[in-house]
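Student: I'll drop the sequence and a predicted model, then ask my questions.
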Amino acid sequence: MGQRDWKELGPKLKGKIRIFVGDMDNSFLNNAVYIMEKFLESTKAPYYDGVVEYGDRYGHCWFGDNSQPYAISRLTVTQQLAPQMREHLLKTAPPEADTKSWIY
C-alpha cells in the first residue's frame, strides 16, 4: 500500500484521510504517523487533501481536541467528530443525494 499504489488508491482516498495521534503515544504509534505524514504531504496526482494532527504531550487514543483534558475529550469524541463528518458528507455527496432531511 501507500507509495507503491498511490496512483490507484489516491483518487479513492483524496480528502478522506484524517489521522489524530498523541505525540507521546504509549505504543510509539506517533513515530509511524510522522513517516505517513511525510509521504502524504509529498503526494501529487492527487494530493491527499486530508488532516494529520498531533496532540501535544498526549498519549494513545487522543481524539483531536487540544482544548480539553483527555479525560473530557475522550467522552465527547462524537460531538467533536460529528460536525466534521457532516461537512465531509455534504462536500462529497452525489448531486442527487438528499442532504436536507437528515440535517437538524
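Tutor: Structure's in. What do you need? Numbering: from 1, shown residues only.

Student: in the strand or helix carrying Glu87, what's buried?
Tutor: Per DSSP states H and E, Glu87 falls inside helix 77-92. Neighbour counts using 16 or more other C-beta atoms under 10 Å place Gln80, Leu81 of helix 77-92 among the buried residues. Glycine gets a C-beta too; all of them are placed from N, C-alpha and C.

Student: contact partners of that helix?
Tutor: Identification of contacts with helix 77-92 by C-beta atoms under 8 Å, 6 or more residues apart in numbering yields Gly15, Lys16, Arg18, Phe63, Gly64, Asp65, Ser73, Thr99, Ile103.

Student: What of stretch 46-62?
Tutor: Contacts for stretch 46-62 (C-beta under 8 Å, 6+ apart): 10-11, 13-27, 29-30, 33, 36-37, 40-41, 64, 66, 70, 73-74.

Student: now could you export just the CA positions of that stretch as PDB?
Tutor: In PDB, the C-alpha atoms belonging to stretch 46-62 read as follows (Å, rounded to 0.1, in the frame of the first residue of the first chain):
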ATOM      1  CA  PRO A  46      -3.800  13.700  -6.400                       C
ATOM      2  CA  TYR A  47      -2.700  15.500  -3.300                       C
ATOM      3  CA  TYR A  48      -4.200  13.600  -0.300                       C
ATOM      4  CA  ASP A  49      -6.100  16.700   0.900                       C
ATOM      5  CA  GLY A  50      -6.600  15.300   4.400                       C
ATOM      6  CA  VAL A  51      -5.700  16.000   8.000                       C
ATOM      7  CA  VAL A  52      -2.800  14.900  10.300                       C
ATOM      8  CA  GLU A  53      -2.900  16.300  13.800                       C
ATOM      9  CA  TYR A  54      -0.700  15.600  16.900                       C
ATOM     10  CA  GLY A  55      -1.900  16.000  20.400                       C
ATOM     11  CA  ASP A  56       0.800  17.900  22.300                       C
ATOM     12  CA  ARG A  57       2.000  15.600  25.100                       C
ATOM     13  CA  TYR A  58      -1.000  13.300  24.700                       C
ATOM     14  CA  GLY A  59      -0.700   9.500  24.700                       C
ATOM     15  CA  HIS A  60      -2.700   6.800  22.900                       C
ATOM     16  CA  CYS A  61      -6.300   7.400  21.900                       C
ATOM     17  CA  TRP A  62      -6.000  11.100  21.600                       C
END
